[in-house]
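Asks: Need coordinates for the below:
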Amino acid sequence: MTFRIVRRRIGQAALLREVRDPAAGAIVTFLGTTRNENAGRRVVRLEYEAFARMAVREMQALAAEAKRRWPLRKVAMVHRIGVVPVRQASVGIAVSAGHRAEAFAACHWLIDRLKEIVPIWKKERFRGGEIWIGLQQGSPPPRRER
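Replies: Residues are numbered from 1 along each chain as shown. Below you'll find the model as predicted:
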């Protein structure tokens, strides 16, 4: 299983390779991308900061919990930090399972929980300003961990 914080583009093909399994009848992927509009604002880009080591540990814990809830084969999760332009992915999740229902349910649960608890902060830069957004609206980390 792969869990990473990266500063480069996230590739869906790489995620698929990570979760291939001969016992899997289904692979579900999710890519969260930067859109050009949010809440009536014209988005220019997103910027992410994270406690990288803690974020990876939390992703691993989420995958372990997902494997307890559903009969999954493999899980991969990647989140990008730094600047993420419009149309590029900031987060990628891939799940393989014997059947599609479990794969879809687990992938949906994983992205929702990742956004709720993993220590990653998102700043939206839009025409005319910027704002920290998301469920974790506490202060971003005082320094960047690499």
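Asks: Which helix or strand in this protein has the lowest average pLDDT?
Replies: Least confident helix or strand of the chain, by mean pLDDT, DSSP states H and E, is strand 129-133 with a mean of 92.
Asks: ok, and what's touching that strand?
Replies: The contact list for strand 129-133 (Cβ atoms under 8 Å, 6 or more residues apart in numbering) reads 38, 41, 121-124, 140. Every C-beta, even on glycine, is put in place using the N, C-alpha and C of the backbone.
Asks: Identify the farthest-apart pair in those.
Replies: Arg41 and Pro140 (19.6 Å; Cβ to Cβ).
Asks: Keeping just the C-alphas, turn the host helix or strand of Leu31 into PDB.
Replies: Under the criterion of DSSP states H and E, Leu31 resides in strand 26-33. The C-alpha trace of strand 26-33 is given here as PDB (Å, rounded to 0.1, in the frame of the first residue of the first chain):
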ATOM      1  CA  ALA A  26     -13.100  -3.900  -8.900                       C
ATOM      2  CA  ILE A  27     -10.800  -0.900  -8.700                       C
ATOM      3  CA  VAL A  28     -12.200   2.500  -7.900                       C
ATOM      4  CA  THR A  29     -10.200   5.700  -8.100                       C
ATOM      5  CA  PHE A  30     -10.900   9.200  -7.000                       C
ATOM      6  CA  LEU A  31      -9.100  12.300  -8.100                       C
ATOM      7  CA  GLY A  32      -9.900  15.600  -6.400                       C
ATOM      8  CA  THR A  33      -9.000  18.400  -8.800                       C
END
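Asks: Please state the offset of it from the chain centre?
Replies: Between the centre of strand 26-33 and the centre of its chain there are 10 Å (Cα atoms, centre = their mean, to the nearest Å).
Asks: cool, stretch 18-32 as well?
Replies: Worked out by Cα atoms, centre = their mean, stretch 18-32 lies 15 Å from the chain centre.
Asks: Ok, stretch 17-24 next?
Replies: On Cα atoms, centre = their mean, the centre of stretch 17-24 falls 19 Å from the chain's centre.
Asks: what does that stretch rub up against?
Replies: 1-2, 27, 73-76, 94-98, 103.
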